[in-house]
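# generate a structure from the sequence data that follows.
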Amino acid sequence: MKGNVAAALALSSVVFGSAAMAAENWTTRLPGVTEGLTSGALPPAGLYFVNETLFTPTKLYSPGTTKTSVQLDAFVDVPILEWVPGIQFAGADYAMVLAQPFDSVTTTAGAITNGTNLGSGVGIYDTLFEPVVLSWALPNDFHIAAQLGLWLPIGDKDSRMAVKNSNRYWAIEPGLGVSWLHDGWAVNVLLTYDHNFEKSADAATYDNYRAGDQFIAEYSVTKTLGNWTVGFGGYAMTQVEKDEASPAGGGTMASIANTEAAKYAIGPIVGYNFGPVILQAYYHENISTENYVGGHEIWTRMLIPLH
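Numbers count the residues shown, from 1 in each chain. Below you'll find the model as predicted:
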């Protein structure tokens, strides 16, 4: 089973981030969440459970790369199910994925805790459903996979909170994963793109709001030695458009300055295969942040085959 469970959530594309935090909260998908997983290949037929956790104490960098006094601490738990029914389509193995993140956010200092805003809260993030994941095995130990995800805006909203627990907008997320798996080595790249749809704004100063589309590239290089897996990975996240909003009472949508978020991070990965369960941990050091929150990221992952 070694290596098979490590592929279990090869293409899960889970949550979140932050741009113009007074009106919008998180980037659609959490950069780095699939790091260290086999992005181009699927495990054998079965049902798999993966649980991701993230703790990150961060500072807000805005406008541009200016580090502010605003502190945001977040804890995220992401339970994920992946079903591989053992069928093929167009020569590819087929799977589907469902993820339901939960998060706890706390803000201290800075303008976003002023007024009636709450500085902390626990809630449900929006749901990710990937009805289509297709993986092809190629010559020379290469694998390639395509996915299509849909973000469902069912998360919690508390209008008193400075930073909401969810975005509550629809989004479509196509992705492409490539893996090279040879003699214990695993080299993985996952590219995802989020197209976000317009919603009613959370802030009273806006009527309608649309977060700009986002592109994320994740990568990892690991080596398995016995039951141990070690390596490194990281990500690059770029918002390719400014956020847009219409003024309260209606009007034309207009771009908002300093909302094009970008972030780059890298760090080590370590994991141990206990048999039916694999545990992993990895760390990210912030390299550069722009119009976003940046800081240390501490991750854990548990992978369990259910059937």
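# skipping its backbone neighbours, what lies nearest the residue of the chain most remote from its centre in space?
The centre of the chain is farthest from one residue, G249, which by CA atoms, centre = their mean lies 33.5 Å away. Of all residues not flanking G249 in the chain, D207 sits nearest, at 6.5 Å (CB to CB, 6 or more residues apart in numbering). C-beta here means a position set from N, CA and C on the backbone, and glycine is covered the same way.
# that neighbour contacts G251, doesn't it?
Yes - with contact defined as CB atoms under 8 Å, D207 reaches G251; the gap is 7.0 Å.
# between those two, which has more neighbouring residues?
D207 (16 against 12; other CB atoms under 10 Å).
# surely that one forms part of a helix?
No - going by DSSP: H, G, I helix; E, B strand; the rest coil, the assignment for D207 is strand, not a helix.
# distance of it from T252?
Separation of D207 from T252 (CB to CB, to the nearest Å): 10 Å.
# shared neighbours, the two?
S246 (CB atoms under 8 Å, 6 or more residues apart in numbering).
# distance of the residue nearest to G249 relative to A217?
34 Å.
# ok, W151 next?
W151 is 19 Å from A217, where distance means CB to CB.
# got the residue ranges for the strands in the stretch 201-307 of the chain?
For the stretch 201-307 of the chain, applying DSSP state E, counting those that start in this stretch gives strands covering 206-210, 214-225, 228-239, 244-247, 254-255, 262-273, 278-290, 292-295, 297-305.
# shaky segments in the stretch 151-300 of the chain?
Scanning the stretch 151-300 of the chain for pLDDT under 70 picks out 159-160, 162, 203-204.
# now do 90
The stretch 151-300 of the chain contains residues with pLDDT under 90 at 155-168, 199-209, 245-253, 256-259, 275-276, 292-293.
# poorly predicted segments of the stretch 1-150 of the chain, please.
Scanning the stretch 1-150 of the chain for pLDDT under 90 picks out 1-27, 59-73, 104-123.
# and the strands of the stretch 201-307 of the chain, which is most packed in?
Comparing the strands of the stretch 201-307 of the chain by mean neighbour count (mean count of other CB atoms under 10 Å), strand 292-295 ranks first with a mean of 24.
# run the chain-centre distance for that one.
Counting by CA atoms, centre = their mean, to the nearest Å, strand 292-295 is centred 14 Å from the centre of its parent chain.
# ok, which of the strands of the stretch 201-307 of the chain comes nearest L138?
L138 lies closest, by CB to CB, to one member of the strands of the stretch 201-307 of the chain: strand 214-225, at 18.4 Å.
# adjacent strands (with direction) for that closest one?
Here strand 214-225 is paired, per DSSP bridges, with strand 185-196 (antiparallel), strand 228-239 (antiparallel).
# in CSV, list those strands along with distance to Y48.
Formatted as CSV, these follow (distance: least, CB to CB, whole Å):
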stretch, distance to Y48
strand 185-196, 17
strand 228-239, 17
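# who wins for proximity to L42 among the ones you listed?
strand 185-196 (13.1 Å).
# in that closest one, what counts as buried?
186-190, 192-194, 196 (16 or more other CB atoms under 10 Å).
# for the residue nearest to G249, give me its contacts.
If a contact means CB under 8 Å, 6+ apart, then D207 has 200-201, 245-251 as its contacts.
# over to G32?
Taking CB under 8 Å, 6+ apart, we find G32 in contact with 218, 233-235, 265, 284, 297, 299.
# hmm, 6 Å instead?
G32 makes contact with 235, 284, according to CB atoms under 6 Å, 6 or more residues apart in numbering.
# and it, how far is that from K242?
Taken as CB to CB, the span from G32 to K242 is 24 Å.
# ok, now P63?
Distance, P63 to K242, by CB to CB: 12 Å.
# these two: which is more packed in?
K242 (19 against 12).
# chain neighbours aside, what residue packs nearest to that one?
Excluding its sequence neighbours, the residue lying closest to K242 (CB to CB, 6+ apart) is S255, at 4.1 Å.
# contacts only, for the spatially closest residue to Y193 that is not a sequence neighbour.
Spatially, and ignoring its direct neighbours in sequence, Y193 is nearest to F215 (5.3 Å; CB to CB, 6+ apart). Listed by CB under 6 Å, 6+ apart, the contact set of F215 reads 193, 238, 240.
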